[in-house]
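Novice: Turn this into a model:
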Amino acid sequence: MYRNILIPTDGSELAAEAARKAIALAKALGAKITAVTVTEPFHVITGDVAMVEDTPGEYRRRAEERARAVLGKVERLAMNEGVPCETIHVTEDDPYEGIIEAATQKECDMIAMGSHGRRGLGALLLGSQTQKVLTHTKIPVIVFR
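Specialist: Numbers count the residues shown, from 1 in each chain. Sure, this is the predicted structure:
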């Protein structure tokens, strides 16, 4: 039925809990997983402190380090359950677009994600990435609370 499940993660505990549930589902289905994290590209004019303080090269280096750490957590969870895992780091202004792009590129036939990601003001300003994925993708999505 489902052979490749995309698991988006932002490194939050909520995303980690959704990843655990998605990995259990993949194991039960005999599917592999593809974990994705999305980083915003460097912008010269921004309110993001990391971009104001860094050079473009330094920002990219830090983003790659963070992506490796975030994706490594999901990779270890999958390995512990014996589920094959591939990882991908996407750079995109809108995380939901990066998630959908990764699912298409990696030929995923399901997206499994948490109902929430960022909290506080960032969540209010960005809106729900999960809601945006649900609205814009043609791929089935399972949402874990």
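
Novice: Tell me which stretches of the protein form helices.
Specialist: Ranges of helices in the chain, per DSSP state H, are 13-29, 49-53, 56-81, 95-105, 120-126, 129-136.

Novice: What average pLDDT does the fourth one get?
Specialist: Per-residue pLDDT values over helix 95-105 give a mean of 97.

Novice: Could I get the buried residue list for that helix?
Specialist: Neighbour counts over helix 95-105 (16 or more other C-beta atoms under 10 Å) mark 95-100, 102-103 as buried. All C-beta spots, glycine's among them, are computed from the backbone N, C-alpha and C.

Novice: by contact count, what packs against it?
Specialist: Contacts defined by 3 or more C-beta pairs under 8 Å, 6 or more residues apart in numbering; DSSP states H and E place helix 95-105 against strand 4-8, strand 32-39, strand 85-91, strand 110-114, helix 129-136.

Novice: CA atoms of it as CSV?
Specialist: Presented in CSV, the C-alpha positions along helix 95-105 are these (Å, rounded to 0.1, in the frame of the first residue of the first chain):
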residue,chain,number,x,y,z
PRO,A,95,8.4,25.1,4.8
TYR,A,96,5.2,23.6,3.4
GLU,A,97,6.5,24.0,-0.1
GLY,A,98,9.7,22.4,0.8
ILE,A,99,7.9,19.4,2.4
ILE,A,100,5.7,18.9,-0.7
GLU,A,101,8.8,19.3,-3.0
ALA,A,102,10.7,16.7,-1.0
ALA,A,103,7.7,14.3,-1.1
THR,A,104,7.5,14.6,-4.9
GLN,A,105,11.3,14.4,-5.5
